[in-house]
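In: Sharing a sequence plus its predicted fold:
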Amino acid sequence: MLERVQPATVEESLNGAASARDACVAVRRLTLTDFRSYPSLRLEVDVRPVVLTGLNGAGKTNLLEAISYLVPGRGLRRARLSEVGRGGTHPWAVAAEIGIGELDHAVGTGYRPEPGARAEKRQVRIDGTPAKSQAELGRVASAQWLTPQMDRLFLEGPSGRRRFLDRLILGFDPDHAGPLAAYEHSLRSRNKLLKDGVRDTGWLASVEESMAAHGVAVAVRRLEAIERLHPLCGVAFGPFPGAEVRLTGALEDWLAEGPALAAEERMRAALQASREDDFGMGSAGVGPHRSDLAVRHTGNGAEAARCSTGEQKALLVSLVLAAARLQARERGHMPLLLLDEIAAHLDPERLAALFDLLSDLGAQAWMTGTDPRLFAAWGDRAQMITVREGTLFA
């Protein structure tokens, strides 16, 4: 059984975050080489929030995307590594000095094409030492982000909602990356075997056993994370509504009905029975890749998909802030917050309240927008930078 934690008040959440304020994850120096529109860039900032303003296409989001590669995953845009280099052809690199309180880490990552390589692979160095995998970045830095494309998260398919949930979880549970990667590898292997017409029952059974073990591990971690998030996202945070979140799917139903080992057995049996159907569909019909995240506005009781555009954006902000506060409580530091065009769909009252909340939480938030007047309320609490055709002006 999962232990339910008593809900925290806004004041308790802020007090817990304030204790971690001096240990927020903060980029202090950022260096780009042949990244997107930047042939080269060196930017030094302090731990305060950073506001990037400029016309569309000036390169603001490119900077946020570069920072998103300092943590595990496919980055803010989920682009192929070979598409990120300047002009879409160059090798590229992102390097940063990252501080967490008094601790400093030198992080570098990038991509260089390797002739004959079967898959793209991101190179990572931490404090001068090559990392075995990008997952090791999660032990150094963490980040949460919101982009304009996510404004339709509750209206489109479930894959985006699953990615959103997994990104929230990775902030306070970096080990979640292991079962996710292992499950996706097993899923791809089974898909290829079915596509290639392999009917070796022993081979398929071995892959399906791995899928079941890792799939149940992913589902359990997601369910436990939602339980931990519940006290923080279930109540309104200033003008941002409380959100009730739940995970839906066959695998989650099995876990609700019995122990994890029983769910593994049911998943193995379902995969074996559905091989022919899955061959025609091109993927497995059961597993954590079929789960969905359901979100409800606790103030008016409406499912997120039925809320107004502004309410949906406010719900997204609520969930990201809840995950950041949970991370401050469990890991002792706030994550980086990357908020692209954050003013879109937020009324002036909510936008001003968000600025105050971010300031109180002590997070280094990187925000973009076209109109600097929208960020005037920050005053000297934030660092204002203008971006013009890939050049930065303080």
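Out: That came through fine.

In: Quick check: Met384 is in a strand.
Out: Yes: applying DSSP: H, G, I helix; E, B strand; the rest coil, one finds Met384 inside a strand.

In: Just list the residues touching it, thanks.
Out: 51, 53, 372, 375, 378, 394 (Cβ atoms under 8 Å, 6 or more residues apart in numbering). To be clear about C-beta, it is placed using only N, CA and C from the backbone, and glycine gets the same treatment.

In: quick check, Ala294 in a strand?
Out: Yes: using three-state DSSP, the secondary structure at Ala294 is a strand.

In: Who does it form a beta bridge with?
Out: Taking DSSP bridges, one obtains Arg246 as the residues bridged to Ala294.

In: hang on, the earlier thing: just the buried ones among the contacts of Met384, please.
Out: Buried members of the contacts of Met384, scored by 16 or more other Cβ atoms under 10 Å, are 51, 53, 375, 378.

In: Surely the last one is in a helix?
Out: In other words, Trp378. Yes: going by three-state DSSP, the assignment for Trp378 places it inside a helix.

In: circling back to that earlier point, the contacts of Met384 in helices, which ones?
Out: With helices defined by DSSP state H, no entry of the contacts of Met384 lies inside them.

In: Return the member of the residues you listed nearest to Leu321.
Out: If you rank the contacts of Met384 by distance to Leu321 using Cβ to Cβ, Trp378 comes first, at 17.2 Å.

In: In contact with that closest one, which residues?
Out: Per Cβ under 8 Å, 6+ apart, neighbours of Trp378: 49, 51, 355, 359, 384.

In: Leu293 too?
Out: Counting by Cβ under 8 Å, 6+ apart, Leu293 makes contact with 158, 161-162, 164-165, 245-248.

In: want to throw the contacts of Trp378 into a markdown table with pLDDT and distance to Arg122?
Out: Shown next, in a markdown table, are these (pLDDT from 0 to 100; distance: Cβ to Cβ, whole Å):
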| residue | pLDDT | distance to Arg122 |
| --- | --- | --- |
| Pro49 | 97 | 27 |
| Val51 | 97 | 29 |
| Phe355 | 95 | 34 |
| Ser359 | 93 | 33 |
| Met384 | 97 | 32 |
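
In: among those residues, which are in strands?
Out: Residues of those located in strands (DSSP state E): 51, 384.

In: List just the nearest of the contacts of Trp378 to Ile126.
Out: Pro49 (25.1 Å).

In: Can you get me a residue count around the closest one?
Out: The burial metric for Pro49, expressed as a neighbour count using other Cβ atoms under 10 Å, is 23.

In: next one: Leu392
Out: Counted with other Cβ under 10 Å, residues neighbouring Leu392 total 18.

In: Apart from its chain neighbours, what residue comes closest to it?
Out: Nearest-residue entry for Leu392: Ile385, 5.3 Å, with adjacent residues in sequence omitted and distances by Cβ to Cβ, 6 or more residues apart in numbering.

In: again with Arg122
Out: Leaving aside its chain neighbours, Arg122 sits nearest to Gln134 (5.3 Å; criterion: Cβ to Cβ, 6+ apart).

In: low-scoring pLDDT stretches of this protein, where are they?
Out: 1-22 (pLDDT under 70).

In: where exactly do the strands run in it?
Out: Taking DSSP E to define them, one finds strands in the chain at 25-35, 38-44, 50-53, 92-100, 103-111, 123-126, 129-130, 143-146, 243-248, 292-297, 336-339, 365-369, 383-388, 391-393.

In: Columns distance to Ser274 on top of those, output as CSV?
Out: Conversion of these to CSV gives the following (distance: least, Cβ to Cβ, whole Å):
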stretch, distance to Ser274
strand 25-35, 43
strand 38-44, 48
strand 50-53, 48
strand 92-100, 41
strand 103-111, 37
strand 123-126, 37
strand 129-130, 41
strand 143-146, 36
strand 243-248, 19
strand 292-297, 19
strand 336-339, 39
strand 365-369, 44
strand 383-388, 51
strand 391-393, 54
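
In: Identify whichever of those strands lies nearest to Leu319.
Out: Nearest to Leu319 among those is strand 243-248 (5.8 Å), distances taken as Cβ to Cβ.

In: Check which residues of that closest one are buried.
Out: Taking 16+ other Cβ under 10 Å as the neighbour-count basis, strand 243-248 is seen to contain the buried residues 243-245, 247.
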